[in-house]
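K.L.:
Build me a model:
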Amino acid sequence: MSHPVVLDKSLVNPEIVDNFYDFLVFPLETAKTVEDFCRACLEVIIQRVAVRVFIVFRVEEGDNIVREYEFYPGEKPNIVSIYSTLKQEIPANQNYEQSLCWVKGGGVYLFPLIFKNQLLGYVYLETEKGEKVGSYSLKFLSGIFKFISLYLYQDRLEKKEKQLEEREKTLESNLRKQSEYLSYMNHELRTPLAAVIGFSKMLQQRIYGDLNPKQAQYVDAIYQSATYLLELISDLLDLSKIEAKKEELFLEKILVRELCEASLSLVKTKAEEQNLELKLEIDEDIVYCEGDQRRLKQILVNLLSNAVKFTEEGSVTLRVTREGDWLLFKVIDTGIGIDEESQKKLFQPFVQLKTPLHKKHRGSGLGLVISRGLARLHGGDITLISEEGKGSCFTVWLPLNPQENSQKQEKQDNDY
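P.N.:
Purely as a prediction, here's the structure:
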C-alpha cells in the first residue's frame, strides 16, 4: 500500500524554484507539446537522480487517465500494474497540497501534479537500482514537477479556449445558415400565401358573386388558416434574426401615449367582443421614451393580445410608470393567471400552456420569446408576476437610455 511523504513546506525555498526556472525557462517557452516539455524536464532530472522509469500521466475531465510522456531505456514496465497503482492505491480524499509524493517501496514514487488546487496528473518514477530518493532530491523533483503542472494547466486552458472558440464558430455558422434559410423560405412562402389571402378576401367580399353558406364557411377557413400561417412565418423569421443577432433597431424619440393608444386600438375589437374593459394609465411626468417604435409596438400588442385572449371577464390595463433609470410598461389582466411551474418555461420557444383556455386559442408559442428578445435588444427585459386564478402582470423594462443599455446587454450575452 502506498504511503504519502509529507515534507515541511518551508523546505521549498523560492530561490530553488528560481534556479529551476533558469533550467527550464527555454523549454517552457519553446516546447510545442507537453511531450517536448516533459522530455526537457527529464534531461534536467537525470543529472541528479538515476531514473529507470519516468512516465507522465494526465488526468482529463471525467477522471480519465492518459499517458502523456514515457521514458524507460531498459525493460518495459508493467503499465497495467502502474494504472492499478494510480486508480486503486492512492488514498481517497488525500490532501494533495500536503503530500509531495507517495512511496510504494523499491524506489517507486508517485508525484501528484497540482496547480491552483486542480489535480492535473501524476509523475510515476522508478529509480535505477530501487534506491531511495533523499530529502533534497525529493525537494528538487517537486520543484521541477511544479513546472510540469503549470504546463499541463496552460495546455488544458488552451484546449478549453480552442473548444469554446470552435463551438462559438459552429453556433454562429449554424445560426447564420438558419437565418439565411428562413429568410429564403420567408420569401418563397409569402408569395403564394399572399395570393391565397388576397383571393380568399375577394371571395369573402362577394366581388365575384354570392356564396352559399357552406362555401362562405370554407372561404373563411381558408382566409383564417392562411393568415395564421403567414403570422407563424413572420414569427419564425423574427426569432431567427434575434438569435443570429441580425435584428437592427431604429431608435427614435417616441410619444408614449401615442404608442400605447395605437397598441390598444389593435386589441380593442376583441376586448369589446368579450366585454372586457381596456384601461390606459400613464404617470403624468412621462411624455417620451426612446426606442424602435415598430418593435416596441409589437411587444405591447403581443402582451395585450395574450391578456385579452386569456381573460374571460374583468379588465386589461396598460400602465406606464418610471422606476429609477427605467420606464416600465405593465400589462395587467384579471385572467386565469399562470401557475409557478408553468412560469419557468413560459419564455421558451414553442411552449404553450395546457389549460382549456390555452387550447382554445392556437398560436406559434413564439410571441413571448420574440417579445423578450426585442426587449433585451433595447437593453431591457420582460418579467412576470402571476398567480393562478388571480391574473397576471407582464412588465416591459425599457431603459431611458436604450443604446447604452443594449451595449451592456450585448456584452453580458457574449460573456455568458
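
K.L.:
Give the pairing partners of the host helix or strand of Phe394; include direction for each.
P.N.:
Using DSSP states H and E, Phe394 sits in strand 392-399. The strands that strand 392-399 pairs with in its sheet are strand 326-333 (antiparallel), strand 381-386 (antiparallel) (by DSSP bridges).

K.L.:
how about the last one as CSV, C-alpha atoms only?
P.N.:
Meaning strand 381-386. The C-alpha trace of strand 381-386 is given here as CSV (Å, rounded to 0.1, in the frame of the first residue of the first chain):
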residue,chain,number,x,y,z
ASP,A,381,-36.2,42.7,-20.4
ILE,A,382,-39.7,41.3,-19.7
THR,A,383,-40.7,40.0,-16.3
LEU,A,384,-43.8,38.2,-15.0
ILE,A,385,-45.7,38.2,-11.7
SER,A,386,-48.7,35.9,-11.7
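
K.L.:
quick one: contacts of it?
P.N.:
If you take CB atoms under 8 Å, 6 or more residues apart in numbering as the criterion, strand 381-386 is touched by 299, 303, 337-338, 343, 346-347, 368, 371-372, 375, 392-397. Just so you know, the C-beta spots here come from the backbone N, C-alpha and C atoms, and that holds for glycine as well.

K.L.:
before we move on, back to that, quick one: contacts of the strand holding Phe394?
P.N.:
Counting by CB under 8 Å, 6+ apart, 289, 291, 296, 299-300, 303, 306-307, 325-333, 335, 337-338, 371, 375, 378-386, 405-406 sit against strand 392-399.

K.L.:
Likewise for stretch 257-274?
P.N.:
So stretch 257-274 is in contact with 277-278, 280, 282, 287, 289, 293, 296-297, 300-301, 304-305, 308-309, 311-313, 316, 318, 320, 329, going by CB under 8 Å, 6+ apart.

K.L.:
Let's see which of those end up in strands.
P.N.:
277-278, 280, 282, 289, 316, 318, 320, 329 (DSSP state E).

K.L.:
Which among these count as buried?
P.N.:
278, 282, 289, 316, 318, 320, 329 (16 or more other CB atoms under 10 Å).

K.L.:
what residues are up against the first one?
P.N.:
Going back to what we said before, that points to Leu278. 264, 267-268, 271, 315-318.

K.L.:
Roughly how far does it sit from Glu312?
P.N.:
As defined by CB to CB, to the nearest Å, Leu278 lies at a distance of 15 Å from Glu312.

K.L.:
Sketch out the low-pLDDT regions of the stretch 51-200 of the chain for me.
P.N.:
Counting by pLDDT under 70, the stretch 51-200 of the chain shows low-confidence ranges at 62-63, 85-104.

K.L.:
quick one: the helices in it?
P.N.:
In the stretch 51-200 of the chain, the segments counted as helices under DSSP state H, counting those that start in this stretch are 79-84, 135-204.

K.L.:
pretty sure Leu377 is touching Glu247, no?
P.N.:
Yes - here Leu377 reaches Glu247: they are 6.1 Å apart, a contact under CB atoms under 8 Å.

K.L.:
on that earlier part again, now a PyMOL select for only the buried ones of the contacts of strand 392-399.
P.N.:
Buried residues among the contacts of strand 392-399 (16+ other CB under 10 Å), as a PyMOL selection:
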select buried, resi 289+291+296+299+300+303+306+307+326+327+328+329+330+331+332+333+335+337+338+371+375+378+379+380+381+382+386+405+406
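
K.L.:
ok so, going back, JSON lines for the helices of the stretch 51-200 of the chain, including distance to Cys260 and mean neighbour count?
P.N.:
Shown next, in JSON lines, are the helices of the stretch 51-200 of the chain (distance: least, CB to CB, whole Å; neighbours: other CB atoms under 10 Å):
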{"stretch": "helix 79-84", "distance to Cys260": "70", "mean neighbour count": "12"}
{"stretch": "helix 135-204", "distance to Cys260": "29", "mean neighbour count": "15"}
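
K.L.:
just so I know, which of these lies nearest Glu35?
P.N.:
helix 135-204 (10.5 Å; CB to CB).

K.L.:
Does anything pack onto that closest one? Which helices or strands?
P.N.:
helix 14-30, helix 34-45, strand 101-103, strand 108-115, strand 118-127, helix 213-243 (3 or more CB pairs under 8 Å, 6 or more residues apart in numbering; DSSP states H and E).

K.L.:
Compare the mean pLDDT across those and name the weakest.
P.N.:
With a mean of 59, helix 14-30 has the lowest mean pLDDT of these.

K.L.:
Give me the buried positions along the helix or strand containing Ser342.
P.N.:
Taking DSSP H and E as the criterion, Ser342 maps to helix 340-343. Within helix 340-343, the residues that count as buried by 16+ other CB under 10 Å are 342-343.
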